[in-house]
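K.L.:
Build me a structure from this.
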Amino acid sequence: MLFVKLKDDTHLRFYLIDGHTHIGKEEVIEFGKKTYRTNLPNQILDFFTRLQFNLLRDMKKNPDYFHFLPDDPFVRPAGFIGGISEEISKDRFTGYLVDQFVTFPFNDVKATETVPQFQIPNDMILKRQQSPPFFSRMLGFVRVNPLDGESACKEILRCAELGARGLKLHPISQRWVDNVLDPRVCAVVITALNARMPVIFDCRFLKTAEDIYQLHEKIKKDVKNPNYGIILAHSGMEFNSDSLYQILNDPHLYGDTSGMRSDDVGLFFKKFSEAAPQTWSNNVIFGTDFNYFTIPQATDLLEYLFSEDLFNKIHLNPAEIQRVLAGNLMKILPPLDIFSSNSLDNVFQPPIQMRIIDVHLYSVTEPLAVEITRMVGKIYGNKSKKQEFDYISFDPFVSANGGFVDHTSFIAHIITQSASNTRFLLCLALPFDGGFGQKPDSIPPADHSENSLQNPSNPSNATNRLTEKTSELLEIPLSLPERFTYLVGLFDCNMPLSGLNLRVRDSENPIFKYLNETIPRDSIQIITQSDILPTILQNLLNT
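P.N.:
Next up is the predicted model:
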């Protein structure tokens, strides 16, 4: 996590997810000779460390350029991630400018060795995602070639059942950039979205962005998952085009920032905020595309996001920054699941489908909650070393409009290959008034009327929804109350967690509703110091 402060000494923190990296091995031509591009998860973490030092150096060297200044500490891991890493790797501070990262295969040298393509690199991604110390930070997306037809759809479902978090499609590498609307492409996208996997397209041209928009219009009636997202990697790269921002303002389409450099960064934010002043920050996702792009591009993006210039031009607020850095991706990326493709049911029927194993309520301050999450991470790090389970996920909660990430509130799915995998850990900060969940944040409603945008390549067809204020955004809390009730519990749930939209922290979250009806409030233990926590947590988590 990144810790900064305003010049009036207001302290803020931001949770970061890099939505675009690669690992594996691919063949490339450099200076007329064949060579190979490679990348590994630990190299991604090293990249984040170098990026951290670049950003800190420039903030200290040129403080007048920035609206936000480095706090002390500047970077610190989320409690659970830090505890896991402290126990497993003995290194708590490697690459923690960025908390988690999406990664997927290159156009891998082994991609074409199977039918359908990419089975070998997909298995590599899933194995890495399940390996310590990466399992709490790595969000593995897989790849297919849609031209493989039905077998590509089957590969998506196979990977989803093994815990894949999303799907990457590359029209140029797989040579269907002129056929984005091919029925086979449509089938692959529908399959992934209905398996609750976000889909990211390589999108380097405005024409590709227009085709993806038309594909979405064609398939959206067949998507049963209400919280889906399609990401346009590189955001089309034609940042002067007005129609690009009309495309990206669709409530289910997102542009990622990978590859933006120098003046392009400011141009992108300026034009998008002018085209959609109240909604633009709901549709941008931070991504670096490491290691195709490296330090210069990522530094330019982050430094401009925290600059005085951007703040003065569009009055950027911290909630909008948090949406870009992680919140928007979290809204469309449900908790890790291991499920059967035949059980993707949105209906939640407690207590038939959910059983409380053990749960405790504590009255804590935020530092104590952070310490609890760190100790929980250490306990599960130790269990991992003893091979008591195969791996554990980490999915923190996000407010309904993505402007507030609470890293002390999270779901951790405990996965053992030989078990039914229904057990999960829930840590949850409760509002000070004793209720469960925040009130839903107000977000601009999607426009599905007959007058909504039909031809994004023609700006004259855009409706007034790009510039009109559709609803008043609520100010998002950027810190927890001074003291609050904190829940730590173990649960069994025999339906897909991803079907419940559990990451969104609001009063409509079905888990919150269930807990509100079942958890007694008469046994809240007041915690004032951390030295009693190890005994409490060991007893609970060894249940």
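
K.L.:
quick one, domains of the chain?
P.N.:
Here the domain parsing of the chain from automatic domain parsing is 2-6+37-332, 354-440+477-541.

K.L.:
So which of these is the most surrounded?
P.N.:
domain 2-6+37-332 (a mean of 20; mean count of other Cβ atoms under 10 Å). For every residue, glycine as well, the C-beta is placed using N, CA and C.

K.L.:
taking the mean pLDDT, what do you get for that domain?
P.N.:
In this model, domain 2-6+37-332 has a mean pLDDT of 95.

K.L.:
how long is that domain from one end to the other?
P.N.:
22 Å (Cα to Cα, to the nearest Å).

K.L.:
How far does that domain sit from its chain's centre?
P.N.:
Using Cα atoms, centre = their mean, to the nearest Å, the distance from the centre of domain 2-6+37-332 to the centre of the chain it belongs to is 8 Å.

K.L.:
Put together CSV for the domains of the chain, with distance to Ile23 on each row.
P.N.:
Output for these, formatted as CSV (distance: least, Cβ to Cβ, whole Å):
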stretch, distance to Ile23
domain 2-6+37-332, 5
domain 354-440+477-541, 17
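
K.L.:
quick one, which of these is nearest to Gly24?
P.N.:
domain 2-6+37-332 (4.5 Å; Cβ to Cβ).

K.L.:
Tell me which helix or strand comes right after the helix or strand Glu371 falls within.
P.N.:
Element membership of Glu371 [criterion: DSSP states H and E] is helix 366-385. Next helix or strand after helix 366-385 toward the C-terminus (DSSP H and E): strand 391-392.

K.L.:
Could the C-alpha coordinates of the helix or strand that that next one is followed by be exported in CSV?
P.N.:
Next along the chain after strand 391-392, taking DSSP H and E as the criterion, comes strand 395-399. Extracted C-alpha coordinates of strand 395-399, given in CSV (Å, rounded to 0.1, in the frame of the first residue of the first chain):
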residue,chain,number,x,y,z
ASP,A,395,-9.6,-10.7,-1.5
PRO,A,396,-10.2,-7.4,0.4
PHE,A,397,-13.5,-5.6,0.4
VAL,A,398,-14.2,-2.5,-1.7
SER,A,399,-17.0,0.1,-1.4
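
K.L.:
so which of the domains of the chain gets nearest Glu27?
P.N.:
Set against Glu27 and scored by Cβ to Cβ, the domains of the chain come closest in domain 2-6+37-332, at 5.8 Å.

K.L.:
CA atoms of stretch 349-363 as CSV?
P.N.:
What follows is stretch 349-363, C-alpha atoms only, in CSV (Å, rounded to 0.1, in the frame of the first residue of the first chain):
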residue,chain,number,x,y,z
GLN,A,349,-29.9,-19.6,0.6
PRO,A,350,-28.4,-19.5,4.1
PRO,A,351,-28.2,-21.5,6.3
ILE,A,352,-28.6,-24.3,3.8
GLN,A,353,-25.5,-23.2,1.9
MET,A,354,-23.5,-21.5,4.6
ARG,A,355,-22.4,-22.8,8.0
ILE,A,356,-20.6,-20.9,10.8
ILE,A,357,-17.7,-22.9,12.1
ASP,A,358,-16.5,-20.3,14.7
VAL,A,359,-16.8,-16.6,14.8
HIS,A,360,-15.7,-13.9,17.3
LEU,A,361,-16.4,-10.1,17.6
TYR,A,362,-13.8,-7.7,19.0
SER,A,363,-13.8,-4.0,19.7
